[in-house]
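[1] This is a predicted model, with the sequence first.
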Amino acid sequence: MKILTLCGSPRRKGNTSTVLSAFEQLASKNNSLERVDIVAQNIKGCIGCDNCQKNKRHPACIQKDDLNNLLQKIITADLVVYAAPVYVWDFPAQMKAVIDRHYCLLKWKGGKESSLVENKKTMLLVTCGGDAENNADLIRLIFEREMKYLHCQVIDEFVVPNCTLPSKLSSIKDEMATKMNEAVVNIS
């Protein structure tokens, strides 16, 4: 299986990256895996021009940044794992720009829609400083709605609550990585 992980944390060695790395180490044993650190990409926000709707077979965003290449990776992956910390109950700005520009992946013609990622398998990994119930509930809802909009299949969602420092995640990161890898094995 071809797995693409999208790390949307502004802190490259933070809690999200630590947990995601543990998962990647397990998953890469039996799968092809590629990570994209969103903060290292040049990705602008959507400008709402609808030019992407002119080409029904490609994302075709007119902005000249790294997103079109990233969208091609998303299209060709078997599974896309979105990983991010909670920032004010939502995705960090860098990941939010990617999610907003997913608009390019759904095409509209004559009142009908078609998705370039129809039935794409996705997973969500979220880390948060507080408990999951009052911190990660909205980011999960946003993710679920976006994936439904794109006609994707959400395999599972994983939340690591009460994160402080990456060095304090030793047992929970391994436990979460194992759960995530089990989810991958179950869809293979």
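    Structure received.

[2] Kindly provide the distance from the most centrally placed residue in the chain to residue 63.
    For the chain, the residue nearest the mean C-alpha position is residue 82 (2.0 Å; Cα atoms, centre = their mean). Counting by Cβ to Cβ, to the nearest Å, the separation of residue 82 from residue 63 is 21 Å. Using the backbone N, CA and C atoms, a C-beta is placed for each residue, glycine as well.

[3] before we move on, the earlier item: helices or strands next to the host helix or strand of the residue nearest to the centre of the chain in the packing?
    Per DSSP states H and E: residue 82 is located in strand 79-85. Identification of packing neighbours for strand 79-85 by 3 or more Cβ pairs under 8 Å, 6 or more residues apart in numbering; DSSP states H and E yields strand 2-7, helix 15-27, strand 121-127, helix 170-187.

[4] Can you give the contact residues for the third one?
    What it means is strand 121-127. 9, 14-16, 19-20, 23, 78-86, 136, 139-140, 143, 147, 152-160, 163, 176, 180, 183-184, 187 (Cβ atoms under 8 Å, 6 or more residues apart in numbering).

[5] Only alpha carbons, please: show the strand holding residue 82 as PDB.
    Output of strand 79-85 as PDB, limited to C-alpha atoms (Å, rounded to 0.1, in the frame of the first residue of the first chain):
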ATOM      1  CA  LEU A  79      -4.000   6.100   2.100                       C
ATOM      2  CA  VAL A  80      -3.500   9.700   3.200                       C
ATOM      3  CA  VAL A  81      -2.800  10.400   6.900                       C
ATOM      4  CA  TYR A  82      -3.400  13.900   8.000                       C
ATOM      5  CA  ALA A  83      -1.500  14.700  11.200                       C
ATOM      6  CA  ALA A  84      -1.700  18.000  13.100                       C
ATOM      7  CA  PRO A  85      -1.800  19.600  16.500                       C
END
